[in-house]
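Engineer: how would this look folded up:
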Amino acid sequence: MARPKQFDPDVAVEQAMEVFWQKGYAATTPQNLADALGIGMGSLYNTFGSKHALFGQALSRYIDVRLRSLAELLEGPAPVKERLRKALEFMADEGVRGCMVVNTAGELAGTDETAVRVVRRDFDLTEGVFQALIEEGQRSGEIDLDRDPVALGSLLLNTMVGLRLLARIEEGPDRLHRVIDATIDSL
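Structural biologist: Now for the predicted structure:
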């Protein structure tokens, strides 16, 4: 008879997310994961199958949490540009760890098509959220109707990715705020 699991797999995915986010995929060993989760290697493999499978679950968890946070920031009665500014400020505030999605894109592009598909899906969803907000701003008169909402959504996605990389090396917020101000002013 199999022994019952002595840990919560959902909590374990959350803990694994922290390890992968801090160290990156390649630098994270299965032993690092087992230690962080407080489980044996056998339990790690029996529950998750592989380091790669656990990474996929951890990356998906990160994306779900981040997209929920982004959606909350973008909701509400405040003007569109104000909500966009808050979203960009939030995204620039991840510090030295950076964004797990952007880090994954940088680390695994060209070597892990599965991870790249997940990152691409997240970027597509984020860009779509930005595009919808631009269209809302056009309906309210805050953003000119002659501006292409698809192009502006792409611009905001690119700004978000750049901010997340820049935030990893900046010693202060000045440059990040200049980028955010210029982006919002360009809308």
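
Engineer: show me what contacts residue 9?
Structural biologist: 47, 48 (Cβ atoms under 8 Å, 6 or more residues apart in numbering). (C-beta placed from N, C-alpha, C; glycine too.)

Engineer: OK, contacts around the nearest residue to residue 95 once chain neighbours are set aside?
Structural biologist: Spatial nearest neighbour of residue 95, excluding adjacent residues (Cβ to Cβ, 6 or more residues apart in numbering): residue 167 at 6.1 Å. Neighbour list for residue 167: 92, 93, 94, 95, 98, 176 [criterion: Cβ under 8 Å, 6+ apart].

Engineer: considering those residues, which possesses the most neighbours?
Structural biologist: The residue in the contacts of residue 167 with the most neighbours, by other Cβ atoms under 10 Å, is residue 92 (23 neighbours).

Engineer: residue 174 versus that residue, what's the distance?
Structural biologist: 11 Å (Cβ to Cβ, to the nearest Å).

Engineer: flag every buried residue along stretch 75-91.
Structural biologist: 80, 81, 83, 84, 85, 86, 87, 88, 90, 91 (16 or more other Cβ atoms under 10 Å).

Engineer: so which helix or strand takes in the fifth one?
Structural biologist: What that stands for is residue 85. Using DSSP states H and E, residue 85 falls within helix 80-91.

Engineer: who touches that helix?
Structural biologist: 69-70, 73-76, 78, 99, 130, 133-134, 136-137, 140, 142-143, 156, 159-160, 163-164, 180, 183-184, 187.

Engineer: from residue 156, how far out is residue 23?
Structural biologist: 29 Å.

Engineer: excluding sequence neighbours, find me the nearest residue to residue 175.
Structural biologist: Using Cβ to Cβ, 6+ apart, the nearest residue to residue 175 is residue 166, at 6.6 Å.
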